[in-house]
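Student: below are the sequence and a predicted model; questions follow.
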Amino acid sequence: MTISEKNELLDNMSICYNRINYLKIISEEKSQPDMTAQLERRKNRLKIEIDGLLRDLYASWIGDVAQLKSKLTNTNKELNRCIAEIEKNINFAQNIIKALDYVDDVIKVAADLVP
């Protein structure tokens, strides 16, 4: 995997991290402390994984870059769909739970990349 490809993966993970921050704000505005706490835990976990990837940027990563990039891109699209529904006040709790699952998917990809 080239440095450029590694940076693209990190960029996609950063997008997910930023979306979690946005969801957390929405959850706080809707006075949903349990959801806010879940989002905060996932955000912290993803940050740990991103930091680990940054430390190991020059290490040899395994996996198919195109497949990983596609998975992260699709996961971020689904996360954005959840956010769009939340913004329209559609199934808030269900969409937060879906969003948390997508964040978990990104965390798993990140964890699997660290040798």
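Tutor: Received, thanks.
Student: please save the CA atoms from stretch 70-89 in CSV.
Tutor: This file holds the C-alpha atoms of stretch 70-89, laid out as CSV (Å, rounded to 0.1, in the frame of the first residue of the first chain):
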residue,chain,number,x,y,z
SER,A,70,-14.8,1.0,-1.2
LYS,A,71,-16.0,-0.3,2.2
LEU,A,72,-15.1,2.9,4.0
THR,A,73,-16.7,5.0,1.2
ASN,A,74,-19.9,3.0,1.4
THR,A,75,-20.0,3.0,5.1
ASN,A,76,-19.7,6.8,5.1
LYS,A,77,-22.5,7.1,2.6
GLU,A,78,-24.8,5.0,4.8
LEU,A,79,-23.8,7.1,7.8
ASN,A,80,-24.7,10.2,5.9
ARG,A,81,-28.1,8.7,5.0
CYS,A,82,-28.7,8.1,8.8
ILE,A,83,-27.8,11.7,9.5
ALA,A,84,-30.1,13.0,6.7
GLU,A,85,-33.0,11.0,8.3
ILE,A,86,-32.1,12.3,11.7
GLU,A,87,-32.1,15.8,10.4
LYS,A,88,-35.6,15.2,9.1
ASN,A,89,-36.7,13.9,12.5
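Student: who's in contact with A110?
Tutor: Counting by C-beta atoms under 8 Å, 6 or more residues apart in numbering, A110 touches 13, 46, 49-50, 52-53. No exception for glycine: its C-beta is placed from N, CA and C like everyone else's.
Student: what subset of those residues is buried?
Tutor: 13, 46, 49-50, 53 (16 or more other C-beta atoms under 10 Å).
Student: okay, those in CSV with pLDDT and secondary structure next?
Tutor: Converted to CSV, the buried ones among the contacts of A110 look like this (pLDDT from 0 to 100; DSSP: H, G, I helix; E, B strand; the rest coil):
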residue, pLDDT, secondary structure
M13, 90, helix
L46, 93, helix
E49, 86, helix
I50, 87, helix
L53, 78, helix
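Student: no more questions from me, cheers.
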